[in-house]
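Colleague: Here's my sequence, what's the structure:
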Amino acid sequence: MRLSQEEQRMLDGSRGSGVQQAMEILVKMGELYGAERFLPVKNAHIDAAAYTTIWDAGTEFIEYLVDNGARVAVPTTINPVSRDIKNWGKLGTTEGFAAKSKRLEDAYLRLGVIPTWTCAPYQCTNVPGFGEVVSWSESNAVNYVNSVIGARAERLPDLVDVCCAVAGRVPEYGLYKEENRAGDMLFLLEGFDETWFQDSVDYAILGYLVGEKVINKVPVIAGLPERTMPDNLKAFSAAAASGGAVALFHVVGLTPEAPDVETAFRGKSGYPIVTITTDDMKAMEKRLNTAEENNVDLVLMGCPICRSRK
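Modeller: Below is the predicted model of the structure:
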């Protein structure tokens, strides 16, 4: 990889061994993906916040960075942790587990992250601009800012996202490159009347359906109503990133890189076309709905807690 003078200084250790360790990891990652250079990032979002994600080894890695002089180089938000920080005792969390989670939380605070503790930072303090290069992890967030905002992001692995935040750099690969942002598969919605897509449930079902079919390619969706709101696309985004590994989608007439089908595909032709009908949506809803009874009044799902109340 071609390094700037500042990047070479970081790699040589002139900014401390913590930053040096982060750069060594990023250089190896860049070489693995065939990147030729680094891109400066405007901001970062870290996924690896939960102790149950990175455990003791990950915690020790964050502490090593901090203890050796590393701090985040750009504004950096962070995902939810593994406990309720204020009420963990009332929720049955053990003291030992709470202590390990707190140790990781404290390490991140010393690293300089903004303690948002959310997997949707684009709805609070961390909102990228169109075309901005960011280093984000968290599948739904990467998918959303790439697609709905038009920022430039990739699905960074846990702890690599931390290294990017510390270095303020990300290897130029994947969806950071313009030629990789073109659509790969067209999804046409047919037979849907005004009763469909009235709330986010239908968008989530569609997202899961599209994700399963496209896997890790870039889907282009045509036929969603103009009244579609950002929260609807948030539901689609999260489901598509779970049903498959979607990190970028285009919705014709709604997302910024898809004013029309031709632009969404960057002029490509010969792409596969998939028609989605109401029967397809009903079949997917039936698959996803595994409840044996219909007497649940409320289900609240969050990261990492899932509760139900009758």
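Colleague: the strands in the protein, which residues?
Modeller: Ranges of strands in the chain, per DSSP state E, are 38-40, 44-46, 76-78, 135-136, 169-171, 185-189, 219-222, 250-251, 273-276, 298-301, 306-309.
Colleague: Switch those strands over to TSV; also include mean pLDDT, mean neighbour count and distance to residue 70.
Modeller: From N, CA and C alone the C-beta is placed, and that goes for glycine too. Shown next, in TSV, are these (pLDDT from 0 to 100; neighbours: other CB atoms under 10 Å; distance: least, CB to CB, whole Å):
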stretch	mean pLDDT	mean neighbour count	distance to residue 70
strand 38-40	98	19	17
strand 44-46	98	30	13
strand 76-78	98	28	12
strand 135-136	98	34	15
strand 169-171	98	28	13
strand 185-189	98	19	41
strand 219-222	98	24	38
strand 250-251	98	25	37
strand 273-276	98	14	46
strand 298-301	67	9	34
strand 306-309	40	10	34
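Colleague: Give me the domain ranges for this protein.
Modeller: As assigned by automatic domain parsing, the chain contains the domains 5-178, 182-289.
Colleague: Now the ones you listed in TSV, please, with extra columns for distance to residue 297.
Modeller: Listed next are those as TSV, based on distance: least, CB to CB, whole Å:
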stretch	distance to residue 297
domain 5-178	21
domain 182-289	16
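Colleague: rewinding a little: just put the strands of the chain in TSV and tack on distance to residue 212.
Modeller: Putting those into TSV (distance: least, CB to CB, whole Å) gives the following:
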stretch	distance to residue 212
strand 38-40	31
strand 44-46	26
strand 76-78	30
strand 135-136	24
strand 169-171	29
strand 185-189	12
strand 219-222	11
strand 250-251	18
strand 273-276	11
strand 298-301	20
strand 306-309	22
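Colleague: Which among these is found nearest to residue 52?
Modeller: Among those, the nearest to residue 52 by CB to CB is strand 306-309 (13.6 Å).
Colleague: Quick one: residues in contact with stretch 217-229.
Modeller: By CB atoms under 8 Å, 6 or more residues apart in numbering, the residues outside stretch 217-229 that reach it are 181-190, 192, 194, 197, 203, 206, 210, 213, 240, 246, 248-254, 258, 261, 264-265.
Colleague: What about the closest residue to residue 174 other than its chain neighbours, how many residues nearby?
Modeller: Ranked by CB to CB, 6 or more residues apart in numbering and with sequence neighbours excluded, the top spatial neighbour of residue 174 is residue 154, at 4.6 Å. By the criterion of other CB atoms under 10 Å, residue 154 has 26 neighbours.
Colleague: so what's residue 154 up against?
Modeller: Contacts of residue 154 were listed using CB under 8 Å, 6+ apart, and they are 136, 142, 170, 173-176, 247.
Colleague: Of the domains of the chain, which stretch is the most buried?
Modeller: Ranked by mean neighbour count, the domains of the chain are led by domain 5-178 with a mean of 20 (mean count of other CB atoms under 10 Å).
Colleague: Contact partners for residue 191?
Modeller: Neighbouring residues of residue 191 by CB under 8 Å, 6+ apart: 277-278.
Colleague: and it, what pLDDT?
Modeller: Note on residue 191: pLDDT of 97.
Colleague: how about the helices of the stretch 151-300 of the chain, start to end?
Modeller: Assigned by DSSP state H, counting those that start in this stretch, the stretch 151-300 of the chain shows helices spanning 160-167, 200-214, 230-243, 261-264, 278-288.
Colleague: Adding mean pLDDT, write these out as a markdown table.
Modeller: Shown next, in a markdown table, are these (pLDDT from 0 to 100):
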| stretch | mean pLDDT |
| --- | --- |
| helix 160-167 | 98 |
| helix 200-214 | 97 |
| helix 230-243 | 95 |
| helix 261-264 | 98 |
| helix 278-288 | 95 |
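Colleague: can you list those in CSV and add distance to residue 33?
Modeller: As requested, those are exported to CSV (distance: least, CB to CB, whole Å):
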stretch, distance to residue 33
helix 160-167, 11
helix 200-214, 21
helix 230-243, 20
helix 261-264, 25
helix 278-288, 33
